[in-house]
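Q: need the 3D shape of this:
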Amino acid sequence: MRRTPIVLALLGALAVSGCSSSGGQSAQSAPASSAADAAAPASASYAVITHGGPGDSFWDVVKNGAEAAGKQYGVKVTYQGDGDPAKQSQLIDQAVSEKVDGIVVSMANPDALKEAIGKAVAAKIPVVTINSGADQSKAFGAITHVGQSEDVAGRGAGEQLKAAGVTKLLCVIHEAGNVGLDQRCKGAEQTLGGTVERLQVDIGNLADVTSKVTAKLQSDKQINGVLALNPGIAVAARDAIKDSGSQAKLATFDLSADVVSAIKDGEILFAVDQQQYLQGYLPITFLNLYKNNLNTVGGGLPVNTGPGFVTKDNADQVAKLAEAGTR
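A: Predicted structure coming up:
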C-alpha cells in the first residue's frame, strides 16, 4: 500500500496530459508538442502476455485495462494468455522477435519464464511484471512490478475469516505451481489461528470443482470456511456449499459480476480486491512513459494495486463497475 500515493499522483498527471492533448492545456503544463509526443507515439507497440486462460473473467478485466490504456495513448496493445509456462515463454520470445517496444508479463511460474524474460531484457526491451512473481521481478531485470502483495492479502483474508468464526478453512488452489496462490493460503494460515487445508482443482472444469468441494465438505464436517482464490472458483464453491448442505462461510479473492451479486445476497462474506484493471492499465502507462520520457515508477519496489475488500457494505457501488468489466 506504500505505493498508492505514487499511483494517485501519476493518474492525476495523466488526467492533465489527457486534457492538454485535446487542446485544453494550462499555462503551467508542458509545451503542447512535447506533451502530445509523450502521450501518443503512433509507432509504439506493447505486448501483454499472461498466464490467464481463455474465458477467465479475472484476466478479461486485465485485458480491458491494457486495451483502454492503449486506446488512450494511441499505441498498439496485443494481449495473449496461456497457462502453460512453456507456451507463455514462447509468446515472450515471439514478442522479442517482433521487436515490440515493451512487454508486460505475469509470472505465476517465475523460474520457467526467467530465460525468456532475460532475452527481452538483453534485447533492451523494457519489461513490466504483473500479478505474480514480485519477489523475482527486479532480479529478472523488469523495470517495475504491478500487483498486490499476496502474503499481505492472505493475512488480511485470514483475519476477516477468523472474525467471522472460521476455525477450519479449505483453501482451494486452481492453478498448480502458481506461487502467488500458495502465498495467499499461507498468509491466511498465519492469521486464522486455526487449521488450513488445501484442495487442488482444475479451473478449466468448474463443474468438477463444485463436485470436489462438495465431496470435501461432506467428508469433513469440521470445515466451516472456504477460501476461493478466483471468482469462477468462488461461484463453484458457493454451489458446492449449497449442494453439500454445509454451513461453511465463503470468501474469495478477486471480483466478477457474479461474485459481487453473491456478496450482496449474503452468499459470499467478502472478496479480496486487487483491482486487476490497474494491472492491465498501469503497465501500459509505465511503458509508454519509459519509452518517451525515461520515467520509472516504484523506486525498485512493487506498485501495489491492493488489497482492498468488497463486502456487503460497498458491493452496490462496485456492482455496476464489475458489470462494465473494469472491476
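
Q: and the residue nearest to residue 319 when sequence neighbours are not counted, how many residues sit next to it?
A: In space, residue 319 comes closest to residue 260 once its chain neighbours are excluded; the distance is 4.8 Å by C-beta to C-beta, 6 or more residues apart in numbering. Bear in mind the C-beta positions are built from the backbone N, C-alpha and C, glycine included. The number of residues packed near residue 260 is 26, by other C-beta atoms under 10 Å.

Q: you'd agree residue 260 is up against residue 320?
A: No: counting by C-beta atoms under 8 Å, residue 260 does not reach residue 320; the two are 9.2 Å apart.

Q: those helices in this protein, which residues are they?
A: For the chain, the helices defined by DSSP state H occupy 4-21, 32-39, 57-73, 85-97, 110-122, 134-137, 150-163, 179-192, 206-219, 231-244, 257-264, 276-293, 315-323.

Q: can you redo those as a markdown table with mean pLDDT and distance to residue 225?
A: A markdown table is the format used below for the helices of the chain (pLDDT from 0 to 100; distance: least, C-beta to C-beta, whole Å):
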| stretch | mean pLDDT | distance to residue 225 |
| --- | --- | --- |
| helix 4-21 | 40 | 29 |
| helix 32-39 | 42 | 47 |
| helix 57-73 | 95 | 22 |
| helix 85-97 | 98 | 31 |
| helix 110-122 | 97 | 30 |
| helix 134-137 | 94 | 27 |
| helix 150-163 | 96 | 5 |
| helix 179-192 | 95 | 8 |
| helix 206-219 | 98 | 11 |
| helix 231-244 | 97 | 10 |
| helix 257-264 | 93 | 16 |
| helix 276-293 | 97 | 24 |
| helix 315-323 | 88 | 20 |
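
Q: most packed of those?
A: Of all the helices of the chain, helix 276-293 carries the top mean neighbour count, a mean of 24, counting by mean count of other C-beta atoms under 10 Å.

Q: run through the residues that contact residue 90.
A: Residue 90 is in contact with residue 116, counting by C-beta atoms under 8 Å, 6 or more residues apart in numbering.

Q: quick check, central residue of the protein?
A: The centroid of the chain falls nearest to residue 276 when counting by C-alpha atoms, centre = their mean (4.0 Å).

Q: right, and it touches residue 66 too?
A: No: at 10.5 Å, residue 276 does not count as touching residue 66 under the criterion of C-beta under 8 Å.

Q: could you report the neighbour count for the spatially closest residue to residue 200 that is not a sequence neighbour?
A: Leaving aside its sequence neighbours, residue 200 sits nearest to residue 173 (C-beta to C-beta, 6+ apart; 5.3 Å). Residues near residue 173, counting by other C-beta under 10 Å, number 21.

Q: good, we can wrap up now.
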